[in-house]
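Peer 1: Curious how this folds, go ahead:
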Amino acid sequence: MDRKEFLSSMGLGAASLAVMSCFGCGKGSNATNSSTSAPTGVDFTLDLTASANAALTSNGGYLISHGILVARTSSGAYIAVQESCTHENYPLVYQGGSKRFYCNNHGATFTEKGAVTGGPTSRSLAVYNTTLAGTSLRIYS
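Peer 2: Residues are numbered from 1 along each chain as shown. Next up is the predicted model:
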């Protein structure tokens, strides 16, 4: 294979990959329809002294566990919501400085109480209860 054939085949491969990625984003895709539901029957505890949960020791930190995004607000309260956007199931991030949850994929935003404040979705996030007992944080439905 010469240089021209190689570059031509690489370009075709990249174009195919780009097209397939776009089809995956479509509102009619099966992944979209099956994955926007929030976890149910949630009941687990996080040990805040464990290194895996270190993000929750400082205000504004967050982590994902059991399909739930658990965050510590700027005031030190613990909050928990479903980990994925209600638009197309993309992972959310917690932006403590802005006091909101944000979807990097389509720009949806939600309050710390899960209410929609912007973006292509109209469905609020599922919110879970949190209870702190010593260094154990319980997250439950």
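
Peer 1: Could you find the closest non-adjacent residue to Thr57?
Peer 2: Sequence neighbours aside, Leu48 is the residue nearest to Thr57 in space, at 6.4 Å (criterion: Cβ to Cβ, 6 or more residues apart in numbering). The C-beta positions use only the backbone N, C-alpha and C, and glycine is treated the same way.

Peer 1: surely the one you found meets Ser136?
Peer 2: Yes - between Leu48 and Ser136 there is a contact at 7.1 Å, judged by Cβ atoms under 8 Å.

Peer 1: Name the residue in the two with the higher neighbour count.
Peer 2: Leu48 (16 against 12; other Cβ atoms under 10 Å).

Peer 1: which residues touch the more buried one?
Peer 2: For Leu48, the contact set (Cβ atoms under 8 Å, 6 or more residues apart in numbering) comprises 56-57, 135-137.

Peer 1: could you flag which of the residues you listed are buried?
Peer 2: 56, 137 (16 or more other Cβ atoms under 10 Å).

Peer 1: For the contacts of Leu48, please prepare TSV with the additional fields pLDDT.
Peer 2: TSV is the format used below for the contacts of Leu48 (pLDDT from 0 to 100):
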residue	pLDDT
Leu56	98
Thr57	96
Thr135	97
Ser136	98
Leu137	98
